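# Coordinates only, no sequence provided:
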């Protein structure tokens, strides 16, 4: 028996959804990463280290492909009208506003203390160093904010950037969760309004 395509993919196949999602996530991942990029490259002066720059942007590229693939597969995230897709887009928009404000705060020395990405980075570095310590690593500061060279440095900076990205993704999921509740409330209000008119 032939398998029927899901409703979310009746009008859009993976090949048509993927390029659109790739453009969307390329823009938003780069935008959302701007505060972290600014902190790493300019405040920590990693712009002088080509290995660090490559590792950071390679990690961002990884997230772009992950987000693009997940939101292009047959399911609710590929359907722009589905509640999950709408809430995710709303959560991304909220995160984009936070990133924009954070970039403005980075223009001042004191403003950096109010940038969420700074504290996320500090938390992640401490967690990774703790894990490395518990794993028996000789260097207690294996993951540290500073210049690092060679393939080992690339892996450390890539791992740090990826872990911070996953942490921020978790925060994005939480934002999307509350966004979904908000959208559901709006949908119920709209349904009740239509029912009252009848």
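Received, thanks. Just so it is clear, the model here is predicted, and its values are computed rather than measured. Numbers count the residues shown, from 1 in each chain.
# where does residue 74 fall, helix, sheet strand or coil?
coil (DSSP: H, G, I helix; E, B strand; the rest coil).
# and stretch 150-161, which residues are buried?
153-154, 156-161 (16 or more other CB atoms under 10 Å). To be clear about C-beta, it is placed using only N, CA and C from the backbone, and glycine gets the same treatment.
# Oh, that last question was meant for stretch 172-192, not what I typed.
172, 175-176, 179-180, 183.
# ok, which stretches of this structure are helices?
14-38, 50-70, 83-106, 116-134, 150-197 (DSSP state H).
# and of these, who's closest to residue 77?
Of all the helices of the chain, helix 83-106 sits nearest to residue 77, with 5.2 Å by CB to CB.
# quick one on the thing from earlier: how about the helices of the chain in CSV, adding mean pLDDT and distance to residue 44?
Shown next, in CSV, are the helices of the chain (pLDDT from 0 to 100; distance: least, CB to CB, whole Å):
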stretch, mean pLDDT, distance to residue 44
helix 14-38, 91, 10
helix 50-70, 93, 9
helix 83-106, 87, 12
helix 116-134, 86, 9
helix 150-197, 81, 11
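# List just the nearest of the buried residues of stretch 150-161 to residue 84.
Using CB to CB, these come closest to residue 84 at residue 161, 26.7 Å.
# Is it correct that the closest one is in contact with residue 55?
Yes - counting by CB atoms under 8 Å, residue 161 touches residue 55, with 6.5 Å between them.
# Of all the helices of the chain, which one comes closest to residue 76?
helix 83-106 (4.4 Å).
# Centre of the chain to the closest one, how far?
Taking the mean of its C-alpha atoms, helix 83-106 sits 10 Å from the chain's own mean (CA atoms, centre = their mean, to the nearest Å).
# Spatially nearest residue to the residue nearest the centre of the chain, not counting backbone neighbours?
Of all residues in the chain, the one closest to the mean position by CA atoms, centre = their mean is residue 169, 4.6 Å from it. Nearest residue to residue 169, sequence neighbours excluded (CB to CB, 6 or more residues apart in numbering): residue 63, at 7.8 Å.
# Give me the neighbour count for the one you found.
20 (other CB atoms under 10 Å).
# Perfect, that will be all.
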